[in-house]
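Participant: sequence first, predicted model second:
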Amino acid sequence: MAQKTIITAAVTGAWPKKENNPNVPMTPSEIADDVYDCWKGGAAIAHIHMRDDEGNGTMDAAKFAETDKLIKERYPDCDIIVNMTTSGDIKSDEETRVKHIKELKPEMASYDCGSMNWLNSGLFLNSPAFLEMCGKLFQETNTKPEVEVFDPGMIGNAAYYIKKGVLTLPVHFQFCMGCANGITGTMKDLIFMKETAEKLVGAENFTWSCFGVGHSAMEMLYGAVALGGNIRVGMEDNVMYSKGVLVDSNRQFVERAVRVVKEFGGDIATPDEAREILNIRK
């Protein structure tokens, strides 16, 4: 199959809240409806976080289960790949972070391949023991890891876990660009991340996507298309459609990404085509 571009919609994240953008989905019902809307717009993957009743990020397995159930019951025609976070609350313990993976066995889940200072406010810990446990768990649940890397050192971590058999080939990288305390979201840095992965893992052994936070979102959107990668968009990463203009919906981001890919001469992967590209077996 000729390579097509996979669009991931990261619909809510652990931030922002309604006061930052009233259109951000927060409840399981809102998230389920938003995921369907993004699928109708062209997204093949939905990356989902959960919020507690105060709107803060939570790893409550029951909320993940409710959201997953609502998507399936309300929209039986929706075949989008649901990608569940394992890092929606940096205060959660390791068991809480994977409880929903054990119970729901999603097709994809995030695998944050290293630790870092998070937003200059706390520690985002992903210990070696946790990463080994997650890798083995994902193999048991037939869950494709989305290997999130915030700097080149995390690509080195992934190479190590590939050698140990904790991660299996081909891996799928999500280059997280422009996050505070991570690599910046410039074209030069995106090229560096891609070349680092090629050097450490082998170009034939991985697929990749990227996103840019805030003001770097558009540069990373165009950069991913130009370099032959896949794209993540959504209000997890950016609440502004353009300078001074709040985005109306996550679908608005998805539809812009579709236009950019098609203007470049590419085509958009359906969920089943994304499964084939990423070697996901339902």
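Facilitator: Nice, thanks for sending it over.
Participant: could I get the contacting residues of the closest residue in space to G42 that isn't next to it in sequence?
Facilitator: Take G42 and drop its neighbours on the chain: the residue closest to it by C-beta to C-beta, 6 or more residues apart in numbering is V258, 4.3 Å away. For every residue, glycine as well, the C-beta is placed using N, CA and C. By C-beta atoms under 8 Å, 6 or more residues apart in numbering, the contact set of V258 is 7, 41-42, 268.
Participant: and after the helix or strand encompassing V258, which helix or strand comes next?
Facilitator: Applying DSSP states H and E as the criterion places V258 in helix 250-263. The helix or strand immediately downstream of helix 250-263 is helix 271-278, counting by DSSP H and E.
Participant: what about dumping the CA coordinates of that following helix to PDB?
Facilitator: Taking Å, rounded to 0.1, in the frame of the first residue of the first chain, the C-alpha atoms of helix 271-278 are listed here in PDB:
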ATOM      1  CA  PRO A 271      -8.300   3.800  10.400                       C
ATOM      2  CA  ASP A 272      -7.900   0.400   8.700                       C
ATOM      3  CA  GLU A 273      -5.100   1.800   6.600                       C
ATOM      4  CA  ALA A 274      -3.500   3.200   9.700                       C
ATOM      5  CA  ARG A 275      -3.700  -0.200  11.300                       C
ATOM      6  CA  GLU A 276      -1.800  -1.700   8.400                       C
ATOM      7  CA  ILE A 277       0.800   1.100   8.400                       C
ATOM      8  CA  LEU A 278       1.400   0.700  12.100                       C
END
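Participant: against which helices or strands is that helix packed?
Facilitator: Judged by 3 or more C-beta pairs under 8 Å, 6 or more residues apart in numbering; DSSP states H and E, the packing partners of helix 271-278 are strand 81-84.
Participant: in the sheet, which strands lie alongside the strand it packs on, parallel or antiparallel?
Facilitator: Strand 81-84 sits in its sheet next to strand 45-48 (parallel), strand 108-112 (parallel), going by DSSP bridges.
Participant: return the most buried member of those.
Facilitator: Most buried of the strands paired with strand 81-84, by mean neighbour count (mean count of other C-beta atoms under 10 Å): strand 45-48, with a mean of 29.
Participant: so what touches that one?
Facilitator: Here strand 45-48 makes contact (C-beta under 8 Å, 6+ apart) with 6-12, 31, 35, 38-39, 64, 67, 80-85, 108, 110, 146, 232, 234, 236, 271, 274.
Participant: quick check: mean pLDDT across that strand?
Facilitator: Strand 45-48 comes out with an average pLDDT of 98.
Participant: again with stretch 188-200
Facilitator: When pLDDT is averaged over stretch 188-200, the result is 98.
Participant: so what touches it?
Facilitator: Applying C-beta under 8 Å, 6+ apart, the contact partners of stretch 188-200 are 149, 152, 155-156, 158-159, 173, 175, 177, 183, 203, 206, 208, 210, 220, 223-224, 227, 229.
Participant: recalculate using a threshold of 7 Å.
Facilitator: Residues outside stretch 188-200 that contact it (C-beta atoms under 7 Å, 6 or more residues apart in numbering) are 152, 155-156, 159, 173, 175, 177, 183, 206, 208, 210, 220, 223, 227.
Participant: also stretch 162-179?
Facilitator: In contact with stretch 162-179 (C-beta under 7 Å, 6+ apart) are residues 131-132, 135-136, 139, 144-150, 158, 161, 182-185, 189-190, 193, 197, 201, 205-214, 216, 220, 232, 278-279.
Participant: distance of E94 from Q174?
Facilitator: Noted for E94: a distance of 21 Å to Q174, by C-beta to C-beta, to the nearest Å.
Participant: list the contacts of R97.
Facilitator: R97 neighbours (C-beta under 7 Å, 6+ apart): 59, 86-87.
Participant: sorry, back to before: tell me the buried residues in the helix holding V258?
Facilitator: 250-258, 260-261 (16 or more other C-beta atoms under 10 Å).
Participant: swap in stretch 203-217?
Facilitator: For stretch 203-217, burial by neighbour count (16+ other C-beta under 10 Å) applies to 206-213, 216-217.
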